[in-house]
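Visitor: give me a model of this one.
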Amino acid sequence: MFSLNIFFLVPLGLLPSLVWLLFYLRKDKHPESNKMVVKVFLAGGAAGLPAIFLEKAAQQVLQSLLASYLPIITSLGVILVAAIIEETVKYSAAFLAAFRNKELDEPIDVLLYLIITALGFAALENILALAKFYPAIYTFKALELTFWRFCSATFLHALCSGALGYWLAMAFCRRTRKWLYLLIGLTISIGLHGVYNWAIMKVSSETFGPEAILIPLLILLCLGWLAGRWFRKLKKLKSVCLIK
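Guide: Numbers count the residues shown, from 1 in each chain. A predicted model of the protein is given here:
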């Protein structure tokens, strides 16, 4: 077995996000400029840094306040807070990087930019996940970890942000009750992200059961199917549905 050179950690961590990025960019009939795609992708990666600190701070606060009294609620709280923070910072990054740009001229762009931001965010996570095992990580183990993150965490980030992006695009195409569509999108993205994290955490726990595999798989399959429908529906909407 060969140990992985540190110079391959970054490209390998980027690989899952880049594959999904190419997949979703092909769904846009009017491609965004490369400059804009790179800008939004990097904004998503940068958003991962404050997310790390916010999650650690929130975890410490919850554990110090509730751990000795309500350990189960504390654990669920940490999971939910992590999902809230991650979905919020991804949305914030997309808003700052793209939502005031003139290239945002179609409803489908809202969905696409949220996904690109999420893939940038996931890329940073992937790099840190690989770096965590360095220098004791070997080539086969690194490739295995990259593959599983491609199928799971990276895909999840893209789909959860895609859910928010779809409902946000629908909100901008409505004259009234826009807040309702935004609320639906946030609820879906945060809720499914939280449930996914809860199920994944059970894999390494003593209460591991079939639901720890079935729930994440079901979430990914359902969201993946819905994402296809979201793209098709938004392509049919007129470009007058713009963000002002």
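
Visitor: wasn't Lys27 part of a strand?
Guide: No. Applying DSSP: H, G, I helix; E, B strand; the rest coil, one finds Lys27 to be coil, outside a strand.

Visitor: so what's it up against?
Guide: For Lys27, the contact set (Cβ atoms under 8 Å, 6 or more residues apart in numbering) comprises Ile108, Leu112, Phe231. For the C-beta atoms, the positions are set from N, CA and C on the backbone; glycine is no exception.

Visitor: determine the longest helix present in the chain.
Guide: Determined from DSSP state H, the single longest helix within the chain is helix 34-66.

Visitor: got the buried residues for the helix or strand following it?
Guide: The helix or strand immediately downstream of helix 34-66 is helix 71-98, counting by DSSP states H and E. Neighbour-count burial for helix 71-98, counted by 16 or more other Cβ atoms under 10 Å, picks out 74-75, 77-91, 93-95, 97-98.

Visitor: check stretch 127-136 too.
Guide: Ile127, Ala129, Leu130.

Visitor: kindly indicate which of those residues lies nearest Ser152.
Guide: Ala129 (11.2 Å; Cβ to Cβ).

Visitor: which SSE is that closest one in?
Guide: Take DSSP H and E as the rule and Ala129 turns out to sit in helix 107-131.

Visitor: check which helices and strands that helix sits against.
Guide: helix 9-25, helix 34-66, helix 71-98, helix 139-151, helix 153-172, helix 211-236 (3 or more Cβ pairs under 8 Å, 6 or more residues apart in numbering; DSSP states H and E).

Visitor: return the most buried member of the ones you listed.
Guide: Highest mean neighbour count of these: helix 153-172, a mean of 25 (counted as mean count of other Cβ atoms under 10 Å).

Visitor: by contact count, what packs against it?
Guide: Helices and strands touching helix 153-172, as assessed by 3+ Cβ pairs under 8 Å, 6+ apart, comprise helix 9-25, helix 71-98, helix 107-131, helix 178-203, helix 211-236.

Visitor: turn those helices into TSV, columns for distance to Leu49.
Guide: TSV is the format used below for the helices and strands packed on helix 153-172 (distance: least, Cβ to Cβ, whole Å):
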stretch	distance to Leu49
helix 9-25	15
helix 71-98	9
helix 107-131	7
helix 178-203	19
helix 211-236	26
